[in-house]
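**Q** Give me a model of this one.
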Amino acid sequence: MAKGKDARVRVILECTGCVQNGVNNRKSPGISRYITQKNRHNTPSRLELRKFCPHCSKHMIHGEIKKSI
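**A** From the prediction side, this is the model:
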């Protein structure tokens, strides 16, 4: 089996609120990121989920980012 043919792929979700506020801000300790999977055939567009951000201390929209690996 070839690795590139799998339907399920691993994606990284990043908090949109932390990105807009900026990491260099002294009040912001970092950016919240989650790792999950999605089915490439059923969800070809970018994934957005509402998840808890410990840095913002509230539920925020986390959007899919490009994998750097």
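**Q** can we go C-alpha only for contacts and neighbour counts from here?
**A** Will do.
**Q** got the buried residues for the worst-scoring helix or strand of the chain on mean pLDDT?
**A** Between all helices and strands in the chain, the lowest mean by mean pLDDT, DSSP states H and E belongs to helix 16-21, at a mean of 79. Of the residues in helix 16-21, 16-18 count as buried by neighbour count, 16 or more other CA atoms under 10 Å.
**Q** contacting residues around that helix?
**A** By CA atoms under 8 Å, 6 or more residues apart in numbering, the list of residues contacting helix 16-21 from outside reads 28, 30-32, 55-56, 60-63.
**Q** 7 Å instead, please
**A** 31, 60-63 (CA atoms under 7 Å, 6 or more residues apart in numbering).
**Q** From Thr43, how far off is the closest residue in space to Cys15 that isn't next to it in sequence?
**A** Distances taken as CA to CA, 6 or more residues apart in numbering place His62 nearest to Cys15, at 4.3 Å, with adjacent residues excluded. With the distance defined as CA to CA, to the nearest Å, His62 ends up 16 Å from Thr43.
**Q** who's more crowded, these two?
**A** Remark: of His62 and Thr43, His62 carries more neighbours, 23 against 9, as counted by other CA atoms under 10 Å.
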